[in-house]
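Enquirer: here is the input, now give the coordinates:
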Amino acid sequence: MRWLVLALLLATSAEAHRARPLAPDDGVRIASLTHGQMAVIARYRGEILALADRRYPPDDTLRRLVNYARLQRAYCLWGLMPGTISDENSPFNSCAHAYLAATRAVLLRLDPTPQATALRQRIDDEMLLNGASLVLCAYSAEEFSTAVMVRPDWRWHWPSVAVFAMLALFAGGVMRALRT
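Expert: Here you go, the predicted model:
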């Protein structure tokens, strides 16, 4: 009988600590955006999040969207890898779609203040001028959720490999210099 109780306790605690994939229904749904829209939203990301930070009090949905956009960007190494936005083959492109789609959702969630309305208009104008809706990629139809973090899709990508190799060489050089 003791073994049965112990087995049940272990199974319950193991289940409690197991990471489970969350269904999109557990979070705020985020509409997809095209590859062309990504480039435009990326240019205005700072302004969008600054407007969201000034909103008081923030509603729960806006707070979750802003947090997701920031966390998702960190998963993408803050957009610092070459081709994160422009190269569909970059391992960071799918997660960049996620954080930029969340950033756009933040913009759409903001109250229609004069600043938010003016920013929306500038972004809309730039998207129309650039034909942003017409530039598609493999991730352009993918929807997202604040319940699911999108990690980089690790595959062989020469620009990313070159950056990691340069960082390793730099770190090795620093370590060697510190030893002498």
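Enquirer: C-alpha only now, for contacts and for neighbours.
Expert: OK.
Enquirer: for the nearest residue to Gly79 once chain neighbours are set aside, give its distance to Ala102.
Expert: Leaving aside its sequence neighbours, Gly79 sits nearest to Arg73 (C-alpha to C-alpha, 6 or more residues apart in numbering; 6.7 Å). Separation of Arg73 from Ala102 (C-alpha to C-alpha, to the nearest Å) stands at 10 Å.
Enquirer: which of those two has more neighbours?
Expert: The residue with more neighbours, out of Arg73 and Ala102, is Ala102; 31 against 23, by other C-alpha atoms under 10 Å.
Enquirer: what helix or strand is the nearest residue to the more buried one once chain neighbours are set aside located in?
Expert: Among residues not flanking Ala102 along the chain, Ala69 sits closest, at 5.3 Å (C-alpha to C-alpha, 6+ apart). Per DSSP states H and E, Ala69 falls inside helix 60-75.
Enquirer: just how off-centre is that helix within its chain?
Expert: Relative to the centre of its chain, helix 60-75 is centred 8 Å away, using C-alpha atoms, centre = their mean, to the nearest Å.
Enquirer: quick one: average confidence on that helix?
Expert: For helix 60-75, mean pLDDT rounds to 95.
Enquirer: got it, and stretch 120-137?
Expert: 82.
Enquirer: other residues contacting it?
Expert: With C-alpha atoms under 8 Å, 6 or more residues apart in numbering as the test, stretch 120-137 has contacts from Thr34, His35, Gly36, Gln37, Val40, Ile41, Tyr44, Glu88, Leu107.
Enquirer: burial measure for the fourth one, as a count.
Expert: The local packing count at Gln37 equals 27, with neighbours defined by other C-alpha under 10 Å.
Enquirer: disregarding residues adjacent in the polypeptide, which is nearest to it?
Expert: In space, and not counting its chain neighbours, Gln37 is closest to Ala132: 5.0 Å by C-alpha to C-alpha, 6+ apart.
Enquirer: repeat that for Tyr75.
Expert: Arg151 (6.2 Å).
Enquirer: which residues does Ser86 contact?
Expert: Counting by C-alpha under 8 Å, 6+ apart, the residues that Ser86 touches are His35, Ala39, Asn93.
Enquirer: what do you get for Tyr99?
Expert: Contact analysis of Tyr99 by C-alpha under 8 Å, 6+ apart lists Tyr68, Ala69, Arg70, Gln72, Arg73.
Enquirer: I appreciate the help and will end here.
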